[in-house]
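> Structure for the following, please:
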Amino acid sequence: MKKLVLVFPLLGLIAACDTLEQQQLAGTAGGAALGALATPNDPTQGALIGGAVGLAAGTLLGRTASGECVYQRQDGSRFVGPC
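Numbers count the residues shown, from 1 in each chain. Sure thing, here's the model as predicted:
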């Protein structure tokens, strides 16, 4: 349980990303951390799988159905614009 507390700041990184590259990096790092924590018997394999899933999530979650990017301002408000 204590390990999961360390993951929450990583999840916050995904929400604060401005560019697609930052979203992908944060998704990969968060996914790798979660994967390593979820598979204590083989953390390397869990990190690889989690990183791949996180990369996909970081790529897809910041876009609208029309392909535009969703950005977040420092005050937490979001807006849609060209990537």
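> any idea how far residue 77 is from residue 56?
Residue 56 sits at a distance of 26 Å from residue 77 (criterion: C-beta to C-beta, to the nearest Å). C-betas here are computed from N, CA, C, even on glycine.
> Strands of this protein, start to end?
Assigned by DSSP state E, the strands in the chain fall at 69-72, 78-81.
> For residue 63, which of the ones you listed is the nearest?
When these are compared by C-beta to C-beta, strand 69-72 sits nearest residue 63, at 5.8 Å.
> Please identify the buried residues of that closest one?
Within strand 69-72, the residues scored as buried using 16 or more other C-beta atoms under 10 Å are residue 69.
> Stretch 19-39 too?
Result for stretch 19-39 [16+ other C-beta under 10 Å]: buried residues 23-37.
> Out of the residues you listed, which is nearest to residue 43?
Distances from residue 43 to those, taken by C-beta to C-beta, are shortest for residue 36, at 4.0 Å.
> these two touch, right, the closest one and residue 47?
Yes - using C-beta atoms under 8 Å, residue 36 is in contact with residue 47, at 4.1 Å.
> can you give me the helices in the protein?
Assigned by DSSP state H, the helices in the chain fall at 2-15, 20-38, 43-60.
> Dump those into CSV; add mean pLDDT and distance to residue 72 as well.
Below are the helices of the chain laid out as CSV (pLDDT from 0 to 100; distance: least, C-beta to C-beta, whole Å):
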stretch, mean pLDDT, distance to residue 72
helix 2-15, 53, 7
helix 20-38, 86, 10
helix 43-60, 88, 14
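> Select, out of those helices, the one closest to residue 81.
Distance to residue 81, taken as C-beta to C-beta, is lowest for helix 20-38 among the helices of the chain, at 12.1 Å.
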